[in-house]
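Participant: Here is a sequence with its predicted model. Questions after.
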Amino acid sequence: MNTNAAIVLFLLVISGLIWAGTQSNDPSWTGNTNRCVGECYDTWKAENGGSIAAIERSKQEALAAASPEALGEKYYGQCIACHGGNGEGGIGPKLQGQAGSDIAAKLTAYRNGEARGAQSAMMWPVAKSMADADIDNIAAYISSL
Ligand code: HEC
């Protein structure tokens with residue numbers, strides 16, 4: 001087969017595939033556009049407790065009203081693997097029973113890149129991303145354990 005014939009054949013096959021594709025389109029398919037408006041959205045609101053904006057607002061309010069301890073507990077999820085679910089220790093030392101001020105001071109030291117124990121390098125990346133408020137919340141939570 002010469003090259004021109006191969007090209008023509010190739011184009012025919014591709015055109016055929018495109019044609020077959022257009023023939024098998026489902027005309028009732030409405031695409032991924034969000035069509036839940038009007039009555040549909042009213043039903044959704046009734047089922048989900050308000051508009052999307054209202055739900056989002058109440059979530060933010062709940063977060064703002066949460067106690068430092070509750071926020072700390074949430075953050076502590078990142079620490080469980082090394083310090084245990086109740087701060088009982090594991091890869092990292094036991095945190096349970098330590099005063100909040102001690103926890104805050106130690107975390108601040110790690111955040112500043114200071115070495116405390118031999119394995120401080122494991123805590124540097126953890127503490128680096130902590131804001132002051134995160135440290136306070138964590139301290140409040142750990143001292144409650
Ligand atoms: C990858 C494991 C790992 C993770 C995750 C981790 N830690 Fe640690 N943590 C350690 C190790 C190891 C030490 C001991 C470091 C040293 O030798 O100074 C330590 C030390 C500490 C200390 C000092 C304890 C003491 O009495 O000297 C505190 C406080 C602490 N971590 C808090 C946290 C908090 C809060 C989190 C979660 C935000 C966290 N750690 C996540 C491994 C981890």
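Facilitator: Everything's here; your move.
Participant: Only C-alpha atoms from now on, for both contacts and neighbour counts.
Facilitator: Fine.
Participant: helix or strand right after the helix-or-strand element of the chain with minimal mean pLDDT?
Facilitator: Lowest by mean pLDDT, DSSP states H and E among the helices and strands of the chain is helix 52-65, with a mean of 89. Sequence-wise, the next helix or strand downstream of helix 52-65 (DSSP states H and E) is helix 68-75.
Participant: now that next one: mean pLDDT?
Facilitator: Average pLDDT, helix 68-75: 93.
Participant: What is the distance between it and the centre of its chain?
Facilitator: 16 Å (CA atoms, centre = their mean, to the nearest Å).
Participant: Following element in sequence after that helix, please.
Facilitator: With elements assigned by DSSP H and E, the helix or strand that comes after helix 68-75 is helix 80-83.
Participant: Could you tell me how many residues sit around the nearest residue to residue 49 once chain neighbours are set aside?
Facilitator: Closest residue in space to residue 49, ignoring its immediate chain neighbours: residue 55 at 7.1 Å, by CA to CA, 6 or more residues apart in numbering. Neighbourhood size, residue 55 [other CA atoms under 10 Å]: 14.
Participant: Give me the distance between residue 55 and residue 48.
Facilitator: 8 Å (CA to CA, to the nearest Å).
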